[in-house]
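[1] Would you be able to build a 3D model of this:
(2 chains)
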Amino acid sequence: MDANNLNVIVGEGTCGIAAGSKEVIEAFQKYAPEIKIRTVGCVGMCHQEVITEINDNNGNRYIYGRVTKKNVPQIIKFHQGEGDRLNDNLIYSPEEQDTDKWKYLAHQTRIALRNVGFLDPTSISEYEQRDGYKAIRKILREMTPEQVIEEIKVSSIRGRGGAGFPTHIKWSFARKSEGDSKYLICNGDEGDPGAFMDRSLLEGDPHNVIEGMLIAAYAIGASRGYAYVRAEYPLAVKNFGKAIRDAHERGVLGDNIQGSNFSFDIKIKEGAGAFVCGEETALIASIEGERGMPRFKPPFPAVKGLFGKPTIINNVETLANLPWIINNGGAAYAAYGTEDSKGTKVFALAGAIKKGGLVEVPMGTKIRDVLEDIGGGSSSGKPFKAVQLGGPSGGCIPESLFDTTIEYAAINATGAIMGSGGMIVMDETTCMVDLAKYFLSFTQLESCGKCTFCRIGTLRMRELLTRICDGEAEMSDLDALDELTEQIKKSSLCGLGQTAPNPVATTLRYFRSEYEAHIKERRCPAAVCKKLITHTIIPADCTACSLCEMQCPVDAITGEKKVKGSYIINQAKCINCGMCFEVCNSKAILVK
Amino acid sequence: MINLIIDNKNITVPRGTDIFLAAKNNGIYIPGLCYHPKLSQYGGCRLCMVEVTERGRTRHKFSCAQPVSEGMQVKTKTPEIIKYTKSVMEYLLAHHPLDCPTCDKSGECGLQDITHDLKLSKGRFKTVRMNKPMRRDNPLLEFNANRCILCGRCVKLCKDVEGVGAIDFQNRGINTIIGTAFDKPLDCSFCGGCLSVCPTGSWQDRTFKFRARHWELKKTTSICPYCAVGCTIETNTKDNTVLKITSNDARGMNEGNLCIKGRFGHDFVHSDKRIKTPLIKKNGVLSPVSWDDAIGYVAKRFREIKNVYGGKAIGGIGSEKCTNEDNYVFQKFCRMVLETNNIDNLSNMKSPLLNTLIHKSIVHGFTSTTSLKKIEKADTLFFVGADVTEAHPVIGTLARKAIRLNKADLIIANLRNVRFDSIAKNDIRLIHKLGTQAPLINALIKTIIDEKLVDLKRVEKATDGLRELKSLLKTFTIKKASQITGVSEETIRKASALVAKPGNCYIVCGKDIEEDPSGPDTIKALMNLCALINTASSLKTDAGKISLVFSRLNNNSQGANDMGVVPDFFPGYLDIDDQSNRKRFEKSWDTKLSDTIRKGTAFNLIDLALKKKLKAMFVMGENPIVNFPNGKTVKEAFRQLEFIVVQDTFLTETAQLADVVFPTATFAEKEGTYTNMAMEVQRLNIAIPPVCNARQDWQILCDIAKKMGVTLFYESSKEILDEIENTVPIFSGIYYERLIRQSFNWVTAHKLKSRKYKFEILNPKSVTVKKKRDYPFLLLTGPSLHHLGSFSRNSNSLVSVASECFVEVNRKDAQQMNIHDGDEVLIESIQDSMKLKAKVTKKLPENMIFIPEDYEWVHVNVLRDNVYTKVKLSKA
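    Numbering: from 1, shown residues only, chains lettered A, B, ... in the order given. Down below sits the predicted model:
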């Protein structure tokens, strides 16, 4: 077989680049300079990066995962008809279509992500080949803004940024607002730790987001748009910027688009790294050049927003669904999901899970199905304990509630929120108090400092949690936590403050016994909180290899090499850093 | 109007009011620390929670950010709300240093008050000291971040009210702090507004620190002694010492806003440089004498001079800084006792036609602004030749309020690109060429006529001479105007449209116009502009009117002229040659005025002295040696005199030339009235007894008169004002007691006769300034934010911030001459030369330099000749 006929596709999202996709591409060019290489965005299987797809001249697809530059010669050789197949890395081949790895994609329903990982994000024509800019052309030809809003109403899509406000209602507010100019903002300030839905969309399918913005702008009557993208997403900024320029050239962006009366232009505004700027009013303040601090509502942005003009802010994922809805009809979208929540939702799966990455599933899927079927179960093999949904603003859902279906009402009933889609999975080794402390510290540091409850109240909560983790708390502190939770939720100005206590509230609700163990028994059941645990050596298991002794940073471990049972840990010196546990090959370190 | 119930009380308030204000205005207390009526809502402190029931739903809302709605029921004191409010205070107090014993704010601190109110004695949280560093990078203001509760009031005041924006929030979460960009030293106008709105002791007045507790201070309402805006101030005293100046938001048109001079420039009152006793010159040295000796000596010498040369050999210069009462007695003393009409004040000497022009403007209703506060209701603001930021900062504050709340448009016509910070949507700068201000105004008139921006038929009916004006301007095309003035046609058109648009337009006519040789022409053109727009509108309401406000320099420049310290008029602009006016005063003063009391020659006092027509000069509270152009000539004129008497607080350059010097009281020790530039008469009150033997100016005059055998007897300022009320028609109806509550405006108090306006037909010609080859630069002088006269010069606070005079040089000129910021340059005119530090700027046109004229110790006037001064510049 001739290498000339091979088509190689390499995933080059940020995760791909981090896993070494540049090196893989270089290797392909080195070993087979004549080969055609395309780069695409992240297909969502971040645990399998670098993913490489080979299309041979017979039209067969072979997909390999975790490819390194060392694998490249073998792959080339095999497809030239020599040597063995790289079986360990194979995800998909014409012969084996139902591999365990392939399940990850096969069990998803991809609407927002339909193109991500399949097209070159820097090529507008590839997007057009996949029905790109068909929706906006259709709208301009045959639909009024009211009809567009009606179609979105039929689809029943709700804002994917977190709060889940019905998109068509928000739009009709702005549609009705009087004003010579209106703004549409694409909110890509994705700040939740562990969430990367927006990044993938902006990097991997920017034209889809632009088309979504065009549809929204047409519906509300906006002539100017901003894409607020985190500056920490350089590839997203780059690809999105190129997409805007290409769209201009193609005449789908700018003045009198496709010869209609509709004009729309987009500017990219790079966020400066404040979590709070994901909040609507703070985001508006940031674009206006002010410090990103939330403002009180009313007036709502749909009435008086950016520069005092009616403004609609839609999340990247919401926008990415719109072209599909217009092309296939609102009813087709509404066919997915449940009575309460229609369509699909993208999640960023991370934490103690075998297959982490981006997944899109229909509303109504059980959490357990996402974790087991797609995620492939716990990475450590230990049982799941809980899942944190919605990032620092969300809450913990315990394993016992994993049969909860993914829809707004059901999720909210657990005390968590749908959020923008961060799904962080925890197994038994996670201490829930420590987890609550981690998320609360994040919001506490990211508070803009405006309102007293959020600025000082969250600090007080963190102090209480620190006391609990340090084993210095009393039971009355739990009441104080309850009270603070209630007050901060109720009295904070913006969403950041109102949701900041959620991780604490939900862990207190589902894992109160763990809190009580910290307080009453001065014990950390997950053996995480440093001040409440001890490291000891189990003499029977110790091989006296001296590795732990060498690694201990405070010289707390003493013993004689090759003398079994001689190694002990001096508890007065030990700082519970866990280094000995990490290095021990014979699992002889007991953490309690 | 909206009806609602707050705490079972039925309340009616205007639509759009927030619950917080509705409650406050109806005597219901809701705690709040970030709310301030002057500023936009912030909603950060979370103290003002209330329970709101509307449309059957009961929810907790924050009252400062929640507008009222019909039928709303509000409860402010439920147990739940008190619990929340207490929690907020607990949070705040856990971090507050609680250093009340050493905090100047103690006693008037919002945090203290609410703590006390909620009976909070013990918090549940462990106290945490923040130990943030103090900001102590300037002589006046200090910031203690540990006491700060981040209410954001200072940030908003600095940005919105003052237009400065020197401070903002920094960092996140608990580390949020108020600070300057890049942590540089505070660089602002030092208005002290942050001090006035801070609810805690975070911002501190360094000049006041540790000098008194709040409850020891006596607050006396008074009027600021600096510029002609006339801000209401509160003089805070303890043990007869002025310790600080504060302001009350509810009093005066300044709404609690002051500038650096008003807030910090008070320490001259207790300066050790004050004249402590009367002085008489013996063997060329001024030596202390008793009051009796000094008064006796002056009376004797005046009598001698009067006998030998006649009364008219004595000149009198009244004061733009003294009260109306002082000035009234001064002109009465000169005319009645000294029998001279050679009296004047410096503002009239600088622009002799201004009084007549202002009077004309008043008669035709162009200047009928009841108060400067009206400016905040403006729809268009037009500053002509006025550097508001430097000269009248609080007018700038009022203008910014109009821009912020009323969305007013702004036009600034000036030779220099003067600084004015605002957020106006239409901010038009008409930077015109030298001497073309009159053509520029005519260009606006021409555009309005040509483009029919007003109803010309109406104008024609209500005025005379529109046809002549039209034919005069026939050949004066916009294109030509643009060429002459250097302002683009488009800008002229845009400005014309803004001036002519419906709504209130306020024109502030500045010193650059008034003191310019072409000033009268420009002012007449401005009046034509006013006539064109005002007669076209219905004039029934105040809306749709254009008003002219004339700038004045000092706190009572207007009053000195009103009180007749001018050669042409008796008090109240009554023609001095009119026999009925003469009789009116003879009757009131119970005297027969000398024949010399009539209009004299066209020469001013300096000219008369130079011509040796004057033998003696009586100067009250002025320093003409420094403050009058052509300083060399002024000095020369004073040298010609045989006898000079000066009344002043400080031994000024003029006082040093005097034969007798009387020490006078300052604003803090005085009572009486000042008249600001909008003709508002406002009352000041005695805060402390006279410092070091000083006397009120009018008292000294009465004492001399008595020694000269004429009884001028007044017990108090009130008696003088009563006499003014009785005698001077425009002041009838002014009562001393009523002035405590309300100012008196003599323009609006009397319907002055309005005649049909006749357009002034003036050729729109520009003034050409001849070039001198050896002196290529033109010297411009102007006001300074930090200094004004001998008061600021003796205020350590002001000098500490602005210690050195400077010369502004255009960037291009500076580049050519290799001059950099801070370099010393030599400025030479035909008259004299001086060295100053350079400030390189883009504000100036090329070939011009600018020197602020109010650094009194730098005698800029010696460089100047009467009209445009040409100078040369070199690196020293």
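[2] What residue spans form the domains of chain A?
    Annotated domains of chain A cover A:3-106, A:124-333, A:344-427, A:432-520, A:534-591 [automatic domain parsing].
[3] Can you lay out those domains as CSV showing mean pLDDT and mean neighbour count?
    In short, each C-beta sits where N, CA and C put it, glycine included. Below are the domains of chain A laid out as CSV (pLDDT from 0 to 100; neighbours: other CB atoms under 10 Å in any protein chain shown):
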stretch, mean pLDDT, mean neighbour count
domain A:3-106, 86, 18
domain A:124-333, 92, 21
domain A:344-427, 91, 22
domain A:432-520, 93, 21
domain A:534-591, 90, 15
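[4] The ones you listed into TSV, with extra columns for distance to chain B?
    Below are the domains of chain A laid out as TSV (distance: least, CB to the nearest CB, whole Å):
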stretch	distance to chain B
domain A:3-106	25
domain A:124-333	4
domain A:344-427	13
domain A:432-520	3
domain A:534-591	25
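[5] After the least confident helix or strand in chain B by mean pLDDT, which helix or strand is next?
    Taking mean pLDDT, DSSP states H and E as the measure, chain B has helix B:746-749 as its least confident helix or strand, at a mean of 84. Next along the chain after helix B:746-749, taking DSSP states H and E as the criterion, comes strand B:757-758.
[6] Run through who's touching that next one.
    B:His364, B:Ala462, B:Thr463, B:Asp464, B:Gly465, B:Met527, B:Ala531, B:Thr535 (CB atoms under 8 Å, 6 or more residues apart in numbering or on different chains).
[7] could you redo the last one with a cut-off of 6 Å?
    Here strand B:757-758 makes contact (CB atoms under 6 Å, 6 or more residues apart in numbering or on different chains) with B:His364, B:Thr463, B:Asp464, B:Gly465, B:Ala531.
[8] what bridges to the third one?
    Beta-bridge partners recorded for B:Asp464 (DSSP bridges): B:Lys758.
[9] What distance do you get for B:Asp821 to B:Val807?
    Applying CB to CB, to the nearest Å, one obtains 11 Å for the distance of B:Asp821 from B:Val807.
[10] now A:Ile111
    Separation of A:Ile111 from B:Val807 (CB to CB): 70 Å.
[11] swap in A:Tyr62?
    Distance from A:Tyr62 to B:Val807, by CB to CB: 80 Å.
[12] how about the nearest residue to the spatially most central residue of chain A, chain neighbours excluded?
    Chain A has A:Ala195 as the residue nearest its centroid, 2.1 Å off, counting by CA atoms, centre = their mean. With sequence-adjacent residues excluded and distances taken as CB to CB, 6 or more residues apart in numbering or on different chains, A:Ala195 is closest to A:Gly422, at 3.7 Å.
[13] Tell me the residues of chain B that contact chain A?
    Residues of chain B lying close to chain A by CB under 6 Å from any CB of the partner chain are B:43-46, B:65, B:87-88, B:91, B:125, B:150, B:169, B:173-174, B:176.
[14] Could you tell me the phi and psi values at the closest residue to A:Gln258 other than its chain neighbours?
    Closest residue to A:Gln258 apart from its sequence neighbours, by CB to CB, 6+ apart: A:Leu140 at 5.1 Å. Reported as degrees, to the nearest 10, the phi and psi values for A:Leu140 are phi -60, psi -30.
[15] Kindly tell me how buried B:Asp387 is, as a neighbour count.
    26 (other CB atoms under 10 Å in any protein chain shown).
[16] Okay, and the closest residue to B:Asp117 other than its chain neighbours sits in which element?
    Spatial nearest neighbour of B:Asp117, chain neighbours left out: B:Pro31 (6.7 Å); criterion: CB to CB, 6+ apart. Per DSSP H and E, B:Pro31 falls between elements, in no helix or strand.
[17] Can you report how many residues lie near B:Pro31?
    22.
[18] my guess is it meets B:Leu47, correct?
    Yes - counting by CB atoms under 6 Å, B:Leu47 is a contact partner of B:Pro31 at 4.7 Å.
[19] Touching both of those two, which residues are there?
    Listed as contacting both B:Pro31 and B:Leu47 by CB under 6 Å, 6+ apart are B:Thr85.
[20] ok, back up a step: wait, doesn't the residue nearest to A:Ala195 sit right on A:Ala348?
    Yes - between A:Gly422 and A:Ala348 there is a contact at 5.5 Å, judged by CB under 6 Å.
[21] Would you mind splitting chain B into its domains for me?
    B:2-77, B:126-270, B:280-297+B:315-332+B:341-349+B:556-736, B:371-416+B:430-541, B:777-875.
[22] export these to TSV and tack on distance to A:Gly337 and mean pLDDT?
    Putting these into TSV (distance: least, CB to CB, whole Å; pLDDT from 0 to 100) gives the following:
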stretch	distance to A:Gly337	mean pLDDT
domain B:2-77	30	92
domain B:126-270	38	93
domain B:280-297+B:315-332+B:341-349+B:556-736	69	94
domain B:371-416+B:430-541	47	91
domain B:777-875	62	93
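[23] and A:Val154, helix, strand or coil?
    Here A:Val154 is recorded as helix under DSSP: H, G, I helix; E, B strand; the rest coil.
[24] re earlier: tell me which of the domains of chain A lies nearest to B:Glu514.
    The closest of the domains of chain A to B:Glu514 is domain A:124-333. By CB to CB, the value is 38.8 Å.
[25] I'd assumed B:Gly201 was in a helix, is it?
    No - under three-state DSSP, B:Gly201 sits outside any helix and is assigned coil.
[26] For residue 235, pull up the helix or strand it's in.
    Because you didn't say which chain, this covers chain A. helix A:234-250.
[27] please go with chain B instead
    Using DSSP H and E, B:Thr235 sits in strand B:232-238.
[28] on that earlier part again, could you identify the most distant pair in the residues of chain B next to chain A?
    B:Ala65 and B:Phe125 (26.7 Å).
[29] higher neighbour count, the two?
    B:Ala65 (20 against 17).
[30] That one is in contact with B:Gly43, isn't it?
    Yes - counting by CB under 6 Å, B:Gly43 is a contact partner of B:Ala65 at 4.3 Å.
[31] So B:Phe20, which state does it fall into?
    Secondary structure, three-state DSSP: B:Phe20 is helix.
[32] and it, what does it touch?
    B:Ile30, B:Tyr35, B:Cys48, B:Ser63, B:Cys64.
[33] Using CSV, please lay out the residues you listed together with secondary structure and neighbour count.
    Output for these, formatted as CSV (DSSP: H, G, I helix; E, B strand; the rest coil; neighbours: other CB atoms under 10 Å in any protein chain shown):
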residue, secondary structure, neighbour count
B:Ile30, coil, 25
B:Tyr35, coil, 26
B:Cys48, coil, 26
B:Ser63, helix, 26
B:Cys64, helix, 25
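[34] which of those lies closest to B:Lys132?
    B:Tyr35 (24.7 Å).
[35] Now the closest one: phi and psi?
    phi -70, psi 140.
[36] What residues does the residue nearest to it when sequence neighbours are not counted make contact with?
    The shortest distance from B:Tyr35 to any non-neighbouring residue, by CB to CB, 6+ apart, is to B:Cys64 (4.5 Å). Under the criterion of CB under 6 Å, 6+ apart, the contact list for B:Cys64 reads B:Asp18, B:Phe20, B:Gly32, B:Tyr35, B:Gln41, B:Gly43, B:Cys48.
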